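Trainee: sequence and predicted model, in that order:
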Amino acid sequence: MKKLKVRKIGNSLGSIFPKDWGVHDGELLSYTIDKKNHRVIIDLSKNDLEHDRALIEESFKDFETGNFATEKEMKAMFGKYGWGK
């Protein structure tokens, strides 16, 4: 089992999360306290959904500005690499 160190931050307590958790500065994390089993459960799935939604919205900006290539243009540019075969 991996461990996180709890530190005093002002009048509160805090911890530093590993980068591979994918948590970003300023994010609000959802959590549940299970007092019966002495556990705190941090739910990162909502953050993943919000991140994915932001990526999708960003990709649609290309369509709004007309910044995209047609299938024919893609074949012309990348046909030598196997595009369209």
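Mentor: Right, received. Where do you want to start?

Trainee: show me the beta-bridge partners of residue 7.
Mentor: The bridge-partner assignment for residue 7, based on DSSP bridges, gives residue 14.

Trainee: quick one, what contacts it?
Mentor: If a contact means CB atoms under 8 Å, 6 or more residues apart in numbering, then residue 7 has 13-16 as its contacts. C-betas here are computed from N, CA, C, even on glycine.

Trainee: and stretch 8-18, how far apart are its ends?
Mentor: For stretch 8-18, the first and last residues are 18 Å from each other (CA to CA, to the nearest Å).

Trainee: which residues does that stretch contact?
Mentor: Residues beyond stretch 8-18 that count as contacts (CB under 8 Å, 6+ apart) turn out to be 4-7, 23.

Trainee: please apply the same query to stretch 37-55.
Mentor: By CB under 8 Å, 6+ apart, the residues outside stretch 37-55 that reach it are 21-24, 27, 29-34.

Trainee: all the helices of the protein, residue numbers only.
Mentor: All helices of the chain, identified by DSSP state H, fall at 45-65, 71-78.

Trainee: export those to TSV and tack on mean neighbour count, distance to residue 85 and mean pLDDT?
Mentor: Formatted as TSV, the helices of the chain follow (neighbours: other CB atoms under 10 Å; distance: least, CB to CB, whole Å; pLDDT from 0 to 100):
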stretch	mean neighbour count	distance to residue 85	mean pLDDT
helix 45-65	10	25	79
helix 71-78	11	9	88
